[in-house]
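>>> Have a look at this fold, sequence not included:
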């Protein structure tokens with residue numbers, strides 16, 4: 001489908017998700033410019049700096065790893081931002097970083113949308129992400145076609161920051177679910193019951209979910225090809241722990257899962273899928 005007189009879109013961060021979002025946008029007829037921290041001049045629409053990306057684009061969607069990277073990218077883009085441009089942050093970062101980004105971009109005259117997503121590598125490739133959108137309804141409606149190019153649904157959440165909070169909270173559930181699956185696999189394995197029987201039992205159990213169906217077969221197979229990396233889930237868990245701390249709450253289940261992920265990251269498994277939590281329970285220990 002060709003989009004007549006469509007805005008140009010810039011993608012900052014060409015990792016597992018950003019690269020697939022760029023492809024989805026191009027398939028819908030959008031003009032797409034890209035930038036990545038590791039230089040990739042071979043990429044279609046390559047821009048050498050974030051400032052060049054912002055200058056070439058009407059809408060800039062950001063897919064960087066963390067709060068530090070977001071601040072660096074926005075600082076670099078600021079000279080090229082002005083009224084009429086929109087920055088969409090789809091990176092999962094801390095609440096403080098989201099609010100600081102919004103403040104900086106507002107001062108430039110540009111608009112800002114807090115729009116993290118749920119969905120992993122395959123969902124991004126198939127245009128099946130779900131976006132949480134916090135911010136001005138007018139800004140959202142103006143850039144809605146951009147999000148719809150890679151997303152099946154947009155959930156409006158309220159003011160800027162609300163989408164970030166909900167994304168962090170939902171990732172808490174994902175992290176502890178996979179931690180619980182890992183522990184259960186360990187118990188089953190320790191008692192000599194075939195792991196495939198555990199999968200069959202979960203299929204007919206009320207606890208089964210889309211996440212369980214996605215992760216469990218790969219965990220049993222020991223396939224930790226990254227759909228969502230362990231280092232990124234650990235980063236999000238730490239954001240959640242910080243929010244809980246600010247609220248004066250103890251979150252022992254997430255604390256335990258984060259400790260396991262930190263151990264795996266220290267052991268060199270940070271780039272694997274976060275389902276590598278199963279390594280704690282299914283692999284021999286020294």
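Now that the structure is in, tell me what you want to look at. Not measured: the values here are computed from a predicted model.
>>> Which positions in stretch 251-258 come out as buried?
For stretch 251-258, the neighbour count (16 or more other CB atoms under 10 Å) marks 251, 254, 257, 258 as buried. No exception for glycine: its C-beta is placed from N, CA and C like everyone else's.
>>> what about it, average pLDDT?
Predicted confidence along stretch 251-258 averages 98 (mean pLDDT).
>>> for stretch 121-130, same thing?
Stretch 121-130 shows an average pLDDT of 93 in the prediction.
>>> what sits up against that stretch?
With contacts defined as CB atoms under 8 Å, 6 or more residues apart in numbering, stretch 121-130 is touched by 16-17, 20-21, 23-24, 117-119, 149-155, 226-228.
>>> What residues of it count as buried?
Buried positions in stretch 121-130, judged by neighbour count with 16+ other CB under 10 Å: 121, 123, 124, 125, 127, 129.
>>> Next step: the contacts of stretch 121-130 restricted to strands.
Among these, the members falling in strands (DSSP state E) are 117, 118, 151, 152, 153, 154, 155.
>>> so what's residue 220 up against?
Shown in contact with residue 220 (CB under 8 Å, 6+ apart): 185, 195, 196, 198, 199.
>>> Among the residues you listed, the buried ones, what's the ChimeraX command?
The following ChimeraX line selects those of the contacts of residue 220 that are buried, judged by 16+ other CB under 10 Å:
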select :185,195,198,199
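>>> What segments of this protein are helices?
Along the chain, the stretches classed as helices by DSSP state H are 18-27, 50-56, 67-77, 95-108, 121-125, 137-150, 162-190, 195-203, 210-221, 230-246, 252-264, 279-282.
>>> From the contact counts, what lies against the fourth one?
Applying 3 or more CB pairs under 8 Å, 6 or more residues apart in numbering; DSSP states H and E, one finds that helix 95-108 makes contact with helix 67-77, strand 86-89, strand 111-114, helix 162-190.
>>> Out of these, which is the most enclosed?
Comparing those by mean neighbour count (mean count of other CB atoms under 10 Å), strand 86-89 comes out on top with a mean of 27.
>>> Quick one: distance of the helix or strand of the chain with the lowest mean pLDDT to the chain centre.
With mean pLDDT, DSSP states H and E as the measure, the helix or strand of the chain carrying the lowest mean pLDDT is helix 121-125 (a mean of 90). Put simply, helix 121-125 sits 11 Å off its chain's centre (CA atoms, centre = their mean, to the nearest Å).
>>> count of neighbours near residue 263?
When counting by other CB atoms under 10 Å, one arrives at 13 neighbours for residue 263.
>>> Could you break the protein into its assigned domains?
Residue ranges of the domains in the chain are recorded as 9-158, 165-282, according to automatic domain parsing.
>>> any chance of the helices and strands packed on helix 95-108 in CSV, with distance to residue 245 and mean pLDDT too?
Written out in CSV, the entries for the helices and strands packed on helix 95-108 read as follows (distance: least, CB to CB, whole Å; pLDDT from 0 to 100):
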stretch, distance to residue 245, mean pLDDT
helix 67-77, 16, 97
strand 86-89, 23, 98
strand 111-114, 22, 98
helix 162-190, 13, 98
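>>> Could you measure from residue 174 over to residue 225?
Between residue 174 and residue 225 the computed distance is 17 Å (CB to CB, to the nearest Å).
>>> that older thread, now, of the ones in strands among the contacts of stretch 121-130, which are buried?
Among these, those scoring as buried are 117, 118, 151, 154 (criterion: 16+ other CB under 10 Å).
>>> Just flag the most distant two among those.
Maximum pairwise distance among those (CB to CB): 11.4 Å, between 118 and 154.
>>> out of the buried residues of stretch 121-130, what pair is the most spread apart?
The two members of the buried residues of stretch 121-130 with the most space between them (CB to CB) are 121 and 127, at 12.7 Å.
>>> what stretches of the protein score poorly on pLDDT?
1-5, 285-286 (pLDDT under 70).
>>> mind redoing it with 90?
Along the chain, segments meeting pLDDT under 90 span 1-6, 120-122, 283-286.
>>> re the thing from before, which one of the buried residues of stretch 251-258 is nearest residue 67?
Using CB to CB, the shortest approach to residue 67 within the buried residues of stretch 251-258 belongs to residue 258, at 16.8 Å.
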